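> Just to be clear, the model below is a prediction. Sequence and coordinates:
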Amino acid sequence: MKNITDDIFYIGVDDHDIDLFEGQYVVENGMAYNSYVIMDDKIAVMDTVDGNFAEEWLEKLAEALDGRTPDYLIVQHMEPDHSANIAALSAKYPAAVIVASAPAFTMMKNYFGNDYADRRLVIKEGDTLSLGAHTLQFVAAPMVHWPEVMVTYDSHDKVLFSADGFGKFGALDTDEDWACEARRYYFGIVGKYGMQVQNLLKKAAALDIQIICPLHGPILKENLEYYVNLYQIWSSYGVESEGVMIAYTSVYGHTKEAAELLAQKLTDRGCPKVVVSDLARDDMAECVEDAFRYGRLVLATTTYNTGIFPFMREFIDELAEHNFQNRTVALIENGSWAPMAAKTMRAKLETCKDITFAENTVQIKGALSEENIAQLDALAEELCR
């Protein structure tokens, strides 16, 4: 247990047993499931934790309560990594009122067979709850990133309990860069819902926020402008860093050779940052993260079954699913007898908004030729303009 403020305590847990978050995201440094308790005339518990940590969490809660009992359990988000212990808390503290949005109570019924009709308080946008000195204001955040989400503002300590917003991968006892894992988390999990995040940021701008308490990752107390600015860029699909990402797949090494040669030509021309990713071997979530981070993307792949190589197909599908937009895209294709990759990639990306395709497309028919090297020179020149 640790103090966030004089009255707000952290009672979350670190998970170092997990290998894949949500069954797909590699989390080498584990995951934090955050929960908080506000001690006042009345006591509010802010969310629960993953079901595997019920006993540890209830012990931390009991330590914070120091003999008292909670009056409210506020459920901001119903994903099981935050809601799994609603029943456990209700069993131990049967007088505690469950506070959540109407859609959240529907989900409780679906998950637990109980919507707590005998002890619930249904909240909506603009509702408040007084604990004594602390008054909680509820702010609707639908589709950030589930429809039932409410975030909570404590006007006394100027704390925003931000649900999954401003979260990141990694346990709290791990020292790692915030932006890298928060970016991968954002674009993988929240990135599709940029408009909804923008709406929430507009609401948050009207609040005097000094501390952000997310449901994953560290509590943010200093330089909040930095984190909010990143969320503004990410949710508006803006360019965070000047540079070029080159994502490739390669069967016999020739397409890889083209990708790496282009990277060298870009670096030689002074491109501020060049990132090269092998889609068959690199973490797909990190590749998606980089595609959204930089303003220019080069896709290089082989023609495969008259289409494109499977890992490239998956990558483009991931981008489109997460609302990829506002980018310049260049294409490199390899096809020994009937190149189709550029046409296929372009068709898939044309479903995305505001994509500008580079004038130069590189077409390889087997191994790199002198003509291909000239094409790569022209493409590097274009991308560096």
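Happy to help now that I have it.

> unless I'm mixing things up, D317 is touching K348, no?
Yes. Because the distance of 7.4 Å satisfies C-beta atoms under 8 Å, D317 is recorded as touching K348. C-beta: built from backbone N, CA, C; applies to glycine.

> Between the two, point out the one with more neighbours.
K348 (19 against 11; other C-beta atoms under 10 Å).

> list the contacts for the more buried one?
Taking C-beta atoms under 8 Å, 6 or more residues apart in numbering as the criterion, K348 is in contact with 313, 316-317, 320.

> Now it, what are its backbone angles?
Listed backbone geometry of K348 is phi -70, psi -40, with angles given as degrees, to the nearest 10.

> And F169, by the same measure?
Main-chain torsions, F169, degrees, to the nearest 10: phi -70, psi 160.

> Work out for me the element the residue nearest to it when sequence neighbours are not counted sits within.
Of all residues beyond its chain neighbours, the one nearest F169 is E181 (4.4 Å), with distances taken as C-beta to C-beta, 6 or more residues apart in numbering. Assessed by DSSP states H and E, E181 sits inside helix 178-185.

> what do you get for L383?
Taking DSSP H and E as the criterion, the element that holds L383 is helix 370-384.

> Which strands and helices lie in contact with that helix?
Where contact means 3 or more C-beta pairs under 8 Å, 6 or more residues apart in numbering; DSSP states H and E, helix 370-384 is packed against helix 254-268, strand 294-304, strand 325-334, strand 362-364.

> Ok, which of these comes nearest A32?
A32 lies closest to strand 294-304 among the helices and strands packed on helix 370-384, at 28.1 Å (C-beta to C-beta).

> can I have that closest one written out in PDB, keeping just the CAs?
What follows is the C-alpha trace of strand 294-304 in PDB, where atoms were taken according to Å, rounded to 0.1, in the frame of the first residue of the first chain:
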ATOM      1  CA  TYR A 294       6.300   7.900 -38.100                       C
ATOM      2  CA  GLY A 295       4.900   9.900 -41.000                       C
ATOM      3  CA  ARG A 296       6.200   7.700 -43.800                       C
ATOM      4  CA  LEU A 297       5.800   4.000 -44.200                       C
ATOM      5  CA  VAL A 298       7.500   1.700 -46.800                       C
ATOM      6  CA  LEU A 299       5.900  -1.700 -47.300                       C
ATOM      7  CA  ALA A 300       8.100  -4.300 -49.100                       C
ATOM      8  CA  THR A 301       6.900  -7.800 -49.800                       C
ATOM      9  CA  THR A 302       6.700 -10.700 -52.200                       C
ATOM     10  CA  THR A 303       3.900 -11.700 -54.400                       C
ATOM     11  CA  TYR A 304       2.500 -14.900 -52.800                       C
END
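
> Off-centre distance for it?
23 Å (C-alpha atoms, centre = their mean, to the nearest Å).

> cool, and stretch 35-51?
Mean-position distance between stretch 35-51 and its chain equals 24 Å (C-alpha atoms, centre = their mean).

> now the end-to-end length of that stretch.
As for stretch 35-51, its first-to-last residue distance stands at 13 Å under the measure C-alpha to C-alpha, to the nearest Å.
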